[in-house]
Structure formats: C-alpha cells, structure tokens
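**Student:** my questions concern the predicted model and sequence given below.
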Amino acid sequence: MIDIKHLKTIATLKETGSLVNTARELFLTQSALSHQIKDLENKLDCQLFERKTQPVRFTPQGMLLLELANEVLPRVEATKCRLKESLNQPISNLRLSVECHACFHWLLPTIKEFNNFWPDIKVDYERGFSYDAIPDLMNDELDLVLTSDIREPDQLEYAHLFDFKLKLIVAPDHELAKKAYVTALDLKNETIISYPIPRERQDIFKHFIQNARFDGTLKTVDQGLLIFQLVSAGMGVAALPDWLVTPYESQGLIKSIPLGALGLTRPMYLAMKKNMKDNPVYRHFLNTCKLNNGR
C-alpha cells in the first residue's frame with residue numbers, strides 16, 4: 001500500500017517545504033505529484049498535510065508517515081550503497097574535518113548512526129575543528145569537510161546539507177534583548193564572544209557587520225558552553241546557529257535576536273573531491289547528515 005516512492009515524496013516535501021519545489025526535486029510535473037499524493041491519501045483514508053500553507057504543515061497522520069520515511073529511507077539507501085560498494089574498491093576510513101565548532105552538536109550522533117550501517121568504516125574526525133580545512137582536502141589529507149564557505153569550486157564538490165539562521169544571543173537583561181532585531185550599528189561597542197576563528201572568517205563580521213565601524217572587543221573561547229555562560233553573565237554577546245541556541249533560550253539563560261530585519265541565513269555544505277560525489281559511501285554519509293542536523 002505504501003511504496004518507497006511515497007515515502008520519498010513525503011520526505012522531500014518536508015525538506016523543500018512546498019509542492020512546487022518537491023515536484024522539481026523529484027523530476028515530476030505538479031499534476032503528477034498532486035495525483036500521487038491524492039491517490040495515497042485515498043488509500044490511507046486521511047489527509048497528510050494542510051493545503052495552501054507555506055511551508056507545508058503536516059497533519060498528525062502526515063507526521064506518522066514522515067517518521068516512517070525517516071526510518072525506512074536511510075535503510076533503503078544503505079542497502080543500495082552496500083550492494084554497489086560490493087562491486088567497488090572498499091573504503092575503510094573517512095577523514096573528516098569541520099569548519100564549524102557548533103556542528104559537533106549534531107555531527108557526533110550522525111557519525112554514530114552512519115556507523116550503525118557501516119561498522120567497518122571508521123569516520124576519523126581526530127583533526128576535529130579547523131577554520132581552513134579546504135587546502136588539506138585538496139591535498140588528499142582529508143576526505144570530507146563541513147563548511148559554510150565555497151572555495152575552489154572547480155576542483156571540489158559542495159553538497160548542500162541545509163540552511164540555518166545565525167542568531168545573536170545576549171543576557172535576558174541586556175539592553176538589546178528587547179529589540180525585534182539588531183543592526184550592525186547596535187554592535188559597534190559590544191564585546192563579541194566567539195570560537196577561536198580569525199575575524200575575517202567569522203560570519204557575523206563577514207556577512208553582517210561587514211564594513212560597518214566596530215569599536216568593540218572580540219573575545220575568543222574554546223568551549224561552546226563557556227560562550228553561553230559568559231553571555232548569560234552579561235560579559236558579552238555572541239552569534240551562534242539556531243540549533244545550538246534553542247535549548248539554552250528555552251531555559252531562560254539567554255535571549256536570541258535576529259541579525260537584521262530578515263535574519264542572517266547561512267548554508268552548510270559537505271565538501272569532497274569531485275570524483276567522489278557519486279560514491280555510495282560518501283552519498284550515504286551525506287544523506288545521514290541531512291537527516292541529523294539538529295533541526
């Protein structure tokens with residue numbers, strides 16, 4: 001009754017947020033997609049999502065089917081990968097580096113899930129964080145890099161994983177906490193707390209403050225927890241991904257504010273050599289990242 005194509009459609013609809021984008025992603029006409037969904041709803045005798053919502057809002061029955069898709073599709077992909085891998089040169093090690101400190105929040109569970117399917121493949125992330133790992137990837141010292149910045153696109157493949165919002169976090173009693181959003185001018189004299197990354201590579205400077213005047217202080221710390229503690233104590237502000245901010249804000253420890261009226265959205269990519277983009281092991285790691293990114 002429920003086919004793999006139905007699960008893939010539901011998962012893609014969740015990822016893209018609209019019927020138009022889903023049809024494009026699945027190489028279907030909108031008419032064919034609508035017919036497929038209506039046929040499935042008739043078979044299941046229930047409505048899967050609310051029409052005319054943007055992004056698509058699933059019904060409770062649709063959420064159940066989405067949970068099934070998230071459980072089944074990675075297993076199907078893994079089996080397909082194993083079948084193809086049996087015909088190719090086996091991979092025993094994936095050397096990974098990360099250009100985003102906060103990614104470890106969802107990356108470690110991703111690696112664990114990947115290894116449940118590929119127990120004989122070691123994901124080597126001993127190098128951990130590097131603010132500039134792309135040269136090592138190009139020199140064959142790494143296999144995969146998580147990054148938000150595209151460099152050397154002629155030589156490397158950048159697979160888009162997801163987009164995320166960068167939020168400014170402040171203490172609940174900070175004077176900026178009452179603002180609907182902040183501007184670059186609001187940060188002119190602030191102490192900005194960040195991971196130890198060169199200023200020119202930090203999103204808040206590169207994509208938000210940019211050429212605006214900044215007379216404040218940049219303070220770097222190694223631990224994410226320490227950043228939240230310092231901000232909560234009123235010792236500075238910080239810009240962090242939404243997935244990392246939400247648990248602390250729900251406890252009332254900090255207040256998050258959009259960067260600019262529209263917010264600051266940044267992409268996350270998995271970079272690899274172009275000749276590896278169709279490798280089944282790489283593709284499975286990529287798909288696992290997409291399903292486990294803290295959303």
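**Tutor:** Thanks, I have it.

**Student:** hey, where'd the helices end up in this structure?
**Tutor:** Taking DSSP state H as the criterion, the chain carries its helices at 4-16, 19-25, 30-44, 60-85, 104-117, 134-138, 203, 224-232, 242-250, 280-291.

**Student:** and the shortest one, how far from the chain's centre?
**Tutor:** Same thing as helix 203. Computed by C-alpha atoms, centre = their mean, to the nearest Å, the separation of helix 203 from the middle of its chain amounts to 15 Å.

**Student:** residue 76 contacts residue 4, correct?
**Tutor:** Yes - using C-beta atoms under 8 Å, residue 76 is in contact with residue 4, at 6.2 Å. Bear in mind the C-beta positions are built from the backbone N, C-alpha and C, glycine included.

**Student:** I'd like to know which elements the lowest-mean-pLDDT helix or strand in the chain is packed against.
**Tutor:** In the chain, no helix or strand scores lower on mean pLDDT, DSSP states H and E than helix 60-85, which sits at a mean of 81. Other helices and strands packing on helix 60-85, by 3 or more C-beta pairs under 8 Å, 6 or more residues apart in numbering; DSSP states H and E, are helix 4-16, helix 104-117, helix 280-291.

**Student:** who touches the longest one?
**Tutor:** By C-beta atoms under 8 Å, 6 or more residues apart in numbering, the surrounding residues in contact with helix 104-117 are 74-75, 78, 81-82, 98, 121, 123, 125, 129, 146, 224, 243-244, 284-285, 288-289, 292-294.

**Student:** if we use 7 Å, what do you get?
**Tutor:** Residues from elsewhere that reach helix 104-117, judged by C-beta atoms under 7 Å, 6 or more residues apart in numbering: 78, 98, 123, 243-244, 284-285, 288-289, 292-294.

**Student:** from these, which is closest to residue 218?
**Tutor:** Nearest to residue 218 among those, counting by C-beta to C-beta, is residue 244 at 19.3 Å.

**Student:** mind listing what the nearest residue to that closest one once chain neighbours are set aside touches?
**Tutor:** Spatially, and ignoring its direct neighbours in sequence, residue 244 is nearest to residue 102 (4.7 Å; C-beta to C-beta, 6 or more residues apart in numbering). Counting by C-beta under 7 Å, 6+ apart, residue 102 touches 224, 240-241, 244.
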